[in-house]
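*Asks:* When you get a sec, could you give me coordinates for this:
(one chain, ligands or ions: 4)
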Amino acid sequence: PEFDLAIRGGTVVTAGDTVQADIGIRDGRIVAVADRVEGAAREIDAGGLLVLPGGIDSHVHIAQPSGPGIVMADDFASATRAAAAGGNTCVMPFALQPRGESLRATVDAYRAKADGQCLIDAAIHLIVSDPTDSVLGQELPALVADGYTSFKVFMTYDDLVLNDRELLEVFAVARREGARVMVHAEGYDTIRFLSEKLERAGETRPYGHALSRPQTVEREAAHRAISHAELIDVPIVIVHVSGNEAMEQIAWARARGLKIHAETCPQYLTLTAEDMKGIGDPDDMAGAKYVCSPPPRDAASQAAVWSGIQRGVFDVVSSDHCPFRYDDPQGKLNPRARTSFRWIPNGIPGIETRLPVLFSEGVSKGRISLNTFVSLTATNHAKLYGLYPRKGSIAPGFDADLALWDPNRRETIRQEILHHGSDYTPWEGFAVTGWPVMTISRGEIVAEEGRILGEPGRGRIVDRTVNPTERRAD
Ligand code: URP
Ligand code: ZN
Ligand code: ZN
Ligand code: ZN
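*Replies:* Ligands and ions are numbered 1, 2, ... in the order given. Okay, the predicted model is just below:
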């Protein structure tokens with residue numbers, strides 16, 4: 001047969017088009033998109049279904065060191081299973097450099113954790129926490145050349161925060177090497193000031209987390225990062241934007257002609273700070289399930305972020321999947337968590353629910369088109385982080401990474417149907433319309449109706465290359 005697999009009779013959606021077409025696949029790649037594809041060893045009937053590029057989630061945390069006594073709830077095996085069940089075919093986690101350690105050693109150890117574990121493909125970003133002369137001068141340039149072409153920097157967190165000088169140094173390396181920098185924009189000193197004040201006032205419960213990181217904290221840091229990016233003349237990505245304040249800084253920067261990219265996440269569209277009050281929990285700690293940074297805000301912020309999505313402020317919607325177990329001494333309810341919100345590990349699980357939540361709230365409720373959904377969940381991730389034209393669309397030459405969606409399927413998100421390693425979902429009981437019923441990774445079915453089908457280890461680590469035109473001298 002000419003094709004290994006044909007997907008017939010579906011509605012094929014890309015960032016630019018919606019067409020009735022068959023797809024022919026050979027050796028894991030798409031080789032034909034046509035009216036009619038004949039002669040395949042195997043056929044899948046996609047009648048009544050949408051055929052979308054598999055989701056690319058360019059911001060997930062997997063098996064990442066999370067401080068003394070705290071353990072992340074997903075390894076590469078469970079995270080990639082959950083991702084696949086949720087309609088994704090590629091995830092991008094972070095190799096986090098602990099201070100005092102070599103970045104190269106960090107990356108090698110992290111890659112070893114992924115070895116033999118992944119169900120779908122993954123591409124690895126770096127987190128730079130210790131930009132020493134050798135990291136800036138040798139390790140980062142060599143790692144970018146080896147395919148690690150993006151790194152995240154933090155403006156908060158004791159173990160990760162970079163000062164302004166360090167941010168500038170890392171931005172300068174990104175400019176020279178043509179790498180992509182992601183910025184966690186929340187101001188360290190302000191958070192410390194507010195946290196200590198809240199603790200003195202006895203406001204130690206999970207909701208204190210939201211009070212310790214108001215939007216001004218995010219806006220100030222976004223502005224500072226943007227100013228540094230302007231000085232160095234390098235594009236940056238402001239990640240997990242939670243509301244209007246940071247969005248205004250991004251719009252201001254773009255009006256000045258600066259290349260500022262932006263990411264938001266489903267939590268900023270569907271959750272609020274009120275969730276951190278854990279209302280109804282006699283133990284007063286259930287709000288910890290929603291503790292992430294920046295914190296979800298309020299209904300007005302949700303509306304602002306939707307409007308930003310509609311106006312093109314956001315390039316990508318990622319999950320920022322950062323899973324901890326709730327009822328676990330190594331998770332949200334660790335021994336210190338009751339003494340103050342500051343000891344609740346930051347982050348929520350979302351790798352499996354990102355796409356259904358955005359599809360339902362976005363496409364099914366008429367806020368965004370299917371094409372915009374594809375841009376925000378696949379195509380733009382691939383373009384931003386060097387996976388395009390290999391991943392992120394449906395056309396000859398692309399990896400056969402696909403998700404078949406039933407746009408009319410009604411489901412209720414519940415922990416018991418999910419595959420992640422966490423023991424809860426922030427979207428428990430959330431009703432959605434539209435569901436990924438089959439996920440295909442490089443031509444192989446890896447998930448169907450919630451069942452996982454591929455072998456762990458079939459997923460590959462994807463090395464990326466920098467477009468030489470992105471490299472610029474000082
Ligand atoms: O609370 C969050 N988002 N934790 C994950 C780490 C990060 O800053 O993205
Ligand atoms: Zn972050
Ligand atoms: Zn952009
Ligand atoms: Zn994150």
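*Asks:* Surely residue 30 is within a strand?
*Replies:* Yes. Counting by DSSP: H, G, I helix; E, B strand; the rest coil, residue 30 is part of a strand.
*Asks:* That one: what's it in contact with?
*Replies:* Residues near residue 30 by Cβ atoms under 8 Å, 6 or more residues apart in numbering: 23, 24, 394, 395, 396, 397, 398, 399, 400. Every C-beta, even on glycine, is put in place using the N, C-alpha and C of the backbone.
*Asks:* Out of the residues you listed, which two sit at the greatest distance?
*Replies:* The largest separation in these, counting by Cβ to Cβ, is between 24 and 399 at 14.0 Å.
*Asks:* Quick one: the helices in the stretch 101-250 of the chain, in order.
*Replies:* 103-114, 133-134, 140-145, 164-177, 188-200, 207-211, 215-232, 244-255 (DSSP state H, counting those that start in this stretch).
*Asks:* Look up which residues are beta-bridged to the residue in the stretch 201-350 of the chain positioned nearest to ligand 3.
*Replies:* Among the residues of the stretch 201-350 of the chain, residue 261 lies nearest to ligand 3; the distance is 3.6 Å by Cβ to the ion. Applying DSSP bridges to residue 261 gives these bridge partners: residue 237.
*Asks:* interface residues of the stretch 1-150 of the chain facing ligand 3?
*Replies:* With the criterion set to Cβ under 5 Å from the ion, the stretch 1-150 of the chain never comes near ligand 3.
*Asks:* Residues of the stretch 1-150 of the chain that sit close to ligand 1?
*Replies:* With Cβ under 6 Å from any ligand atom as the criterion, the stretch 1-150 of the chain meets ligand 1 at residues residue 61.
*Asks:* residue of the stretch 1-150 of the chain with the smallest distance to ligand 1?
*Replies:* Distances between the stretch 1-150 of the chain and ligand 1 by Cβ to the nearest ligand atom are smallest at residue 61, namely 5.5 Å.
*Asks:* any idea how far that residue is from ligand 3?
*Replies:* Relative to ligand 3, residue 61 is positioned 23 Å away (Cβ to the ion, to the nearest Å).
*Asks:* what pLDDT does the most centrally placed residue in the chain get?
*Replies:* Nearest residue to the geometric centre of the chain (Cα atoms, centre = their mean): residue 59, 2.5 Å. pLDDT for residue 59: 99.
*Asks:* roughly how far apart are it and residue 288?
*Replies:* In this view, residue 59 and residue 288 are 21 Å apart by Cβ to Cβ, to the nearest Å.
*Asks:* And for residue 15?
*Replies:* From residue 15 to residue 288 the distance is 38 Å (Cβ to Cβ).
*Asks:* So the two - more neighbours on which side?
*Replies:* residue 288 (29 against 20; other Cβ atoms under 10 Å).
*Asks:* mind listing what that one touches?
*Replies:* Contacts of residue 288 by Cβ under 8 Å, 6+ apart are 206, 276, 278, 326, 332, 333, 337, 341, 344.
*Asks:* Any chance of JSON lines for those residues, columns neighbour count, pLDDT and distance to residue 140?
*Replies:* Shown next, in JSON lines, are the contacts of residue 288 (neighbours: other Cβ atoms under 10 Å; pLDDT from 0 to 100; distance: Cβ to Cβ, whole Å):
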{"residue": "206", "neighbour count": "26", "pLDDT": "98", "distance to residue 140": "37"}
{"residue": "276", "neighbour count": "26", "pLDDT": "98", "distance to residue 140": "37"}
{"residue": "278", "neighbour count": "19", "pLDDT": "95", "distance to residue 140": "42"}
{"residue": "326", "neighbour count": "17", "pLDDT": "98", "distance to residue 140": "37"}
{"residue": "332", "neighbour count": "30", "pLDDT": "98", "distance to residue 140": "34"}
{"residue": "333", "neighbour count": "20", "pLDDT": "98", "distance to residue 140": "38"}
{"residue": "337", "neighbour count": "22", "pLDDT": "98", "distance to residue 140": "35"}
{"residue": "341", "neighbour count": "25", "pLDDT": "98", "distance to residue 140": "34"}
{"residue": "344", "neighbour count": "28", "pLDDT": "98", "distance to residue 140": "32"}
